[in-house]
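In: heads up, no residue letters with this:
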């Protein structure tokens, strides 16, 4: 990795506070471009607009999707804007670059029956079953990101009050829980977790069977295992559960601002995408949504039409 890429990575992480996934995607795009530039006997600092244009055409010829190309343009524009702002380059080679318009892909959600089928797969007969049941219930109950789920510590739970505290990108938010999720977490924390954890100083809420903090890869394997067990044909991901959480809340009358707060979206435009999910799909999915168990005075139960 070039020195400039290392500096840029630090900038994205510490100053821009971008998510680990976004940073990883940007760095992968730029590293691939950097390797291509080396074949052209140049580097990221000296590359001109004509080479950027040539590289974009190469991506097209390789059959890359419009979304992939759009992401490369976003990462390169961000990188060269950083380079220009720091005085490392005198002109910005991306100034005239324009991204092709990419058709917005609306999120796929699970129907209510699929959610119920999926959540009932972990059997509470052993430590793994109790842990997995609590993880899946919490993920759907809150819509948090998988990175936020595995970063939770025991002290982030307030089960008597019925909420969790989630920290992400230097901010924190409190998210209410429905009774089913509270019960699953109580069973796990009070009776199961201590059987798995071997180090008394371990703070992680969710741990693997070796007693160490759950990893993203480990949780993905859990998701795929129960998808296969439930024989659900959709490609379930943690983010699909997040989408389903938001869409079901919206269909049940929660206002966009409340959903934005719970999801931790910086911009409400990211939340508004759920208003475009097919109404028939939403009606089917939310027919018996367990999030309806929220009390009427909870802020998530406010109607969209409320002032």
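Out: Done, it's in. Here the structure is a predicted model, which is why all the values come from computation and not from measurement. Residues are numbered from 1 along each chain as shown.
In: could you use CA atoms for every contact and neighbour count after this?
Out: Will do.
In: now residue 165, what's its secondary structure?
Out: Applying DSSP: H, G, I helix; E, B strand; the rest coil to residue 165 yields a three-state assignment of strand.
In: looking at the residue lying closest to it once chain neighbours are set aside now. What's its pLDDT?
Out: Spatially, and ignoring its direct neighbours in sequence, residue 165 is nearest to residue 174 (4.5 Å; Cα to Cα, 6 or more residues apart in numbering). On the pLDDT scale, residue 174 is placed at 88.
In: try residue 115
Out: At residue 115, pLDDT is 85.
In: which elements pack onto the helix or strand encompassing it?
Out: Using DSSP states H and E, residue 115 sits within helix 112-119. If you count contacts as 3 or more Cα pairs under 8 Å, 6 or more residues apart in numbering; DSSP states H and E, helix 112-119 packs onto helix 127-142, helix 216-230, helix 279-285.
In: just the buried positions in the first one, please.
Out: What that stands for is helix 127-142. For helix 127-142, a neighbour-count test (16 or more other Cα atoms under 10 Å) marks 127-142 as buried.
In: now residue 212: how far from residue 126?
Out: Using Cα to Cα, to the nearest Å, residue 212 is found at 18 Å from residue 126.
In: hmm, I typed the wrong one, I wanted residue 108.
Out: In this view, residue 108 and residue 126 are 32 Å apart by Cα to Cα.
In: neighbour count winner among these two?
Out: residue 108 (19 against 10; other Cα atoms under 10 Å).
In: quick check on that one: phi, psi?
Out: Per-residue torsions, residue 108: phi -90, psi 140 (degrees, to the nearest 10).
In: mind giving me the domain ranges of this structure?
Out: Structurally, the chain divides into domains by automatic domain parsing as follows: 3-85, 112-301.
In: tell me the most buried of the ones you listed?
Out: Of all the domains of the chain, domain 112-301 has the most neighbours on average by mean count of other Cα atoms under 10 Å, namely a mean of 17.
In: any stretches of the stretch 201-307 of the chain with poor pLDDT?
Out: Residues of the stretch 201-307 of the chain meeting the criterion pLDDT under 70: 251-252, 254-256, 259, 261-262, 264-307.
In: strands along the protein, start to end?
Out: With DSSP state E, the ranges of strands along the chain come out as 157-158, 163-168, 171-176.
In: which of those sits closest to residue 114?
Out: Minimum separation from residue 114 across these (Cα to Cα) falls at strand 171-176, 22.8 Å.
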